[in-house]
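Participant: give me coordinates for this.
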Amino acid sequence: MIILHVAEYTKGGVATYLKNLINFQAKQDKVKKVYLVCSEQHGEEFIGLVDKKFKLYPYKYTRKLQNFLSAIFKIRKIIEEINPDIIHVHSSFAGMFVRINYFFQKKNVKIVYCSHGWSFLMDTRKLKKSLYAYIEKLLSFKTDAIVNISEYEYKNSLKYGIPASKSTIIYNGVSPLSKSNEVLDRKISFDTNKINLLFIGRFDRQKGIDILLNVFTRNNFENIKLHLIGDNVLSNSDINIPDNINSIGWVSSEEIDSFYKYADAIIMPSRWEGFGLVAVEAMKHKKAVIASDRGALPELIINEENGYVFKLDDEGSLTNILNSLTKEKLVSMGIKGYDRYESKFTSSVMNEKIISLYEKINN
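Facilitator: Sure thing, here's the model as predicted:
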């Protein structure tokens, strides 16, 4: 099989997911070649991963019609050049860029689509949700398989009319730790006398960074230090970070393990989350997770077992949890989280299921 992955922007969870898939698929005898196509913005970290089988298309995140058309035409040209057996599309806009072409030309390729979080399940207006669902239903006619990354995503997609006959659930998985990254420890300056909470993600509305900052602005948690890894991805984000919070910026994939290692817990105040890859990364590192009750997060985090689940619409719910934290309890939760990771969320399980899906639709 010749496999072509197509993505829009490649930061955060989608980037981790793609690296995992590509590294696995490139080593499979069943796979002849693996290609990746993504936008010029944030695509640089994939250079070298797939050698010369890596292509960029010009695209700006202002999301204007001319940018969409440019991306659609460029991607179509790349598809014609590569002539893949399988196109695996990642995220909503990339899904549109690829599949819209096949409403105007013969479809001679199998298309797998993963939204990585359905747009119609976002916290937005009902009219927008209906529009997004209509577009996704229309595009599903040119799709051979639809991957849902959680049971939450699957069940709700059926309610919005996504065809069950094409839909499946494949949980995201992450690779086990392979090295300690001891050489990078000098960059970590966490105060071991405090409980170090770590936020990892984009500074945007979805990830709830504003909610988290508001809680820490209004409360003086003397025994807690909050650290932020991430930054704005889309230019319309406007986040002011107080001086008492440690903003680290984006961290390379080679460095990130060290930050997980020295954190006491990971915090995820997301407004919506199709899966929550950061939660699984935390479990892999034996770290407890403090997560909102939105999206698929309650599938991953069992309250008071491998972390805490708080009510996003009740600020007191999170405040009470933060005031009750102890290092001893977090360590115990982290061990239970690791057991859960090994049983449900390893990369080997995910990758084998995706290859099996390719073979099923390609026969």
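Participant: my guess is M333 meets A288, correct?
Facilitator: Yes. Judged on C-beta atoms under 8 Å, M333 makes contact with A288 at a distance of 3.7 Å. Where you see a C-beta, it was placed from the backbone N, CA and C, and this is true even at glycine.
Participant: which neighbours do the two have in common?
Facilitator: Shared contacts of M333 and A288, defined by C-beta atoms under 8 Å, 6 or more residues apart in numbering, comprise A265, N306, G307.
Participant: which residues touch the last one?
Facilitator: With C-beta under 8 Å, 6+ apart as the criterion, the residues that contact G307 are A265, A279, A288, V289, I290, A291, I301, M333, G337.
Participant: for the second one, identify the helix or strand it belongs to.
Facilitator: Spelled out, that is A279. helix 277-284 (DSSP states H and E).
Participant: which secondary structure elements does that helix contact?
Facilitator: helix 13-25, helix 256-262, strand 265-268, strand 288-292, helix 297-300, helix 327-344 (3 or more C-beta pairs under 8 Å, 6 or more residues apart in numbering; DSSP states H and E).
Participant: same thing but at 6 Å, please
Facilitator: When contacts are defined as 3 or more C-beta pairs under 6 Å, 6 or more residues apart in numbering; DSSP states H and E, helix 277-284 sits against helix 327-344.
Participant: in space, what's closest to A282 - neighbours in sequence excluded?
Facilitator: I266 (4.0 Å; C-beta to C-beta, 6 or more residues apart in numbering).
Participant: before we move on, back to that, and the contacts of G307 as TSV, adding distance to I100, pLDDT and neighbour count?
Facilitator: Below are the contacts of G307 laid out as TSV (distance: C-beta to C-beta, whole Å; pLDDT from 0 to 100; neighbours: other C-beta atoms under 10 Å):
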residue	distance to I100	pLDDT	neighbour count
A265	43	98	25
A279	33	95	29
A288	43	98	28
V289	37	98	26
I290	40	98	25
A291	35	97	28
I301	37	97	28
M333	45	98	24
G337	41	97	29
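Participant: closest one of those to S356?
Facilitator: Within these, the smallest distance to S356 is 25.0 Å, found for A279 (C-beta to C-beta).
Participant: OK, contacts around the closest one?
Facilitator: Shown in contact with A279 (C-beta atoms under 6 Å, 6 or more residues apart in numbering): V289, L300.
Participant: just E153 next, same as before
Facilitator: Contacts of E153 (C-beta under 6 Å, 6+ apart): W118, G274.
Participant: can you check the pLDDT for it?
Facilitator: The confidence metric pLDDT takes the value 96 at E153.
Participant: that's a helix at it, yeah?
Facilitator: Yes. E153: assigned to a helix according to DSSP: H, G, I helix; E, B strand; the rest coil.
Participant: skipping adjacent residues, who's closest to N351 in space?
Facilitator: Closest residue to N351 apart from its sequence neighbours, by C-beta to C-beta, 6+ apart: F24 at 4.2 Å.
Participant: tally of neighbours for N193?
Facilitator: Neighbours of N193 under the rule other C-beta atoms under 10 Å: 8.
Participant: can you offset everything so residue one is 605?
Facilitator: Yes, from this point I'll number from 605; that puts the last item at N797.
Participant: could you measure from it over to K829?
Facilitator: 9 Å (C-beta to C-beta, to the nearest Å).
Participant: now K948
Facilitator: From K948 to K829 the distance is 31 Å (C-beta to C-beta).
Participant: which of those two has more residues huddled nearby?
Facilitator: K829 (20 against 14).
Participant: is the more buried one in a bridge, and if so with what?
Facilitator: Per DSSP bridges, the residues bridged to K829 are N800.
Participant: what about it, distance to L673?
Facilitator: 47 Å.
Participant: now could you export just the CA positions of stretch 672-686 as CSV?
Facilitator: Extracted C-alpha coordinates of stretch 672-686, given in CSV (Å, rounded to 0.1, in the frame of the first residue of the first chain):
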residue,chain,number,x,y,z
PHE,A,672,-8.9,27.4,1.1
LEU,A,673,-8.8,27.3,-2.7
SER,A,674,-5.0,27.4,-2.8
ALA,A,675,-4.8,24.5,-0.4
ILE,A,676,-7.4,22.5,-2.2
PHE,A,677,-5.6,22.9,-5.6
LYS,A,678,-2.2,22.2,-4.2
ILE,A,679,-3.3,19.1,-2.3
ARG,A,680,-5.1,17.8,-5.4
LYS,A,681,-1.9,18.2,-7.5
ILE,A,682,0.1,16.3,-4.8
ILE,A,683,-2.4,13.5,-4.7
GLU,A,684,-2.2,13.1,-8.5
GLU,A,685,1.5,13.0,-8.3
ILE,A,686,1.7,10.4,-5.6
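Participant: in it, which residues are buried?
Facilitator: S674, A675, I676, K678, I679, R680, I682, I683, I686 (16 or more other C-beta atoms under 10 Å).
Participant: now do stretch 725-735
Facilitator: L725, M726, K733.
Participant: min pLDDT across those residues, which one?
Facilitator: Where pLDDT dips furthest among the buried residues of stretch 725-735: M726, at 87.
Participant: measure L830 to Y775 for me?
Facilitator: Using C-beta to C-beta, L830 is found at 29 Å from Y775.
Participant: er, L742 actually
Facilitator: Noted for L742: a distance of 27 Å to Y775, by C-beta to C-beta.
Participant: and these two? Which one has more around it.
Facilitator: Neighbour count, other C-beta under 10 Å: between L742 and Y775, Y775 has more, with 19 against 13.
Participant: am I right that the more buried one is in a helix?
Facilitator: No. Using three-state DSSP, the assignment for Y775 is coil, not a helix.
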